[in-house]
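Asker: I would like to see how this sequence folds:
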Amino acid sequence: MTRVGVSLYDLPSAMSWADLRDFVSYLDASSALVSEVEPDVAGWQGDEKVPMLLAHIADLLAGLSYGYTISHMKKGTKKPTPPEPIPRPGVQPKRQTQHWGSGAIPIAEFADWWDRVYDD
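Answerer: Numbering: from 1, shown residues only. Down below sits the predicted model:
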């Protein structure tokens with residue numbers, strides 16, 4: 001109630017009992033009363049969980065669409081790149097895999113390197 005500038009001390013002079021009933025009836029899930037009375041409901045509301053769930057759903061749909069597209073492509077067609085996940089605020093993106101070199105080395109070069117490194 002302090003959000004609207006009224007307290008229980010103001011009853012019934014500044015706010016009627018019917019106003020209080022309406023106020024309590026339309027409290028959002030982030031209020032302390034709803035968190036206490038309905039903890040299951042309050043846990044799924046708020047500024048943090050809903051956007052994360054929506055981003056997760058969007059990522060799943062993009063993955064399903066990508067899988068469907070790949071499974072229905074003609075042979076020999078170049079595959080599209082997989083979809084990137086939607087960035088979430090406050091969550092660091094996973095680091096991309098780091099690749100070393102540009103390809104396989106000839107076996108003779110590998111044998112020389114192995115002998116140099118692991119010869120006692």
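Asker: excluding its backbone neighbours, what's nearest the most centrally placed residue in the chain?
Answerer: When the chain is reduced to its mean C-alpha position, the nearest residue by CA atoms, centre = their mean turns out to be M52, at 3.6 Å. In this structure, M52 finds its nearest non-sequential neighbour in R88, 6.0 Å apart by CB to CB, 6 or more residues apart in numbering. Any C-beta I mention is one placed from the backbone N, CA and C, and that applies to glycine too.
Asker: The one you found in helix, strand or coil?
Answerer: Remark: R88 carries the secondary structure label coil [criterion: DSSP: H, G, I helix; E, B strand; the rest coil].
Asker: ok, it - how many residues close by?
Answerer: As a burial measure, the neighbour count of R88 was computed by other CB atoms under 10 Å and equals 14.
Asker: Please tell me how far it sits from S35.
Answerer: Note on R88: its distance to S35, by CB to CB, to the nearest Å, is 24 Å.
Asker: With A58 instead?
Answerer: For A58, the distance to S35 equals 28 Å [CB to CB].
Asker: Please identify which of those two sits among more neighbours.
Answerer: Remark: of A58 and S35, S35 carries more neighbours, 16 against 13, as counted by other CB under 10 Å.
Asker: tell me what the helix or strand hosting the more buried one is packed against?
Answerer: S35 is part of helix 32-37, with elements assigned from DSSP states H and E. In terms of contacts (3 or more CB pairs under 8 Å, 6 or more residues apart in numbering; DSSP states H and E), helix 32-37 is packed against helix 39-43.
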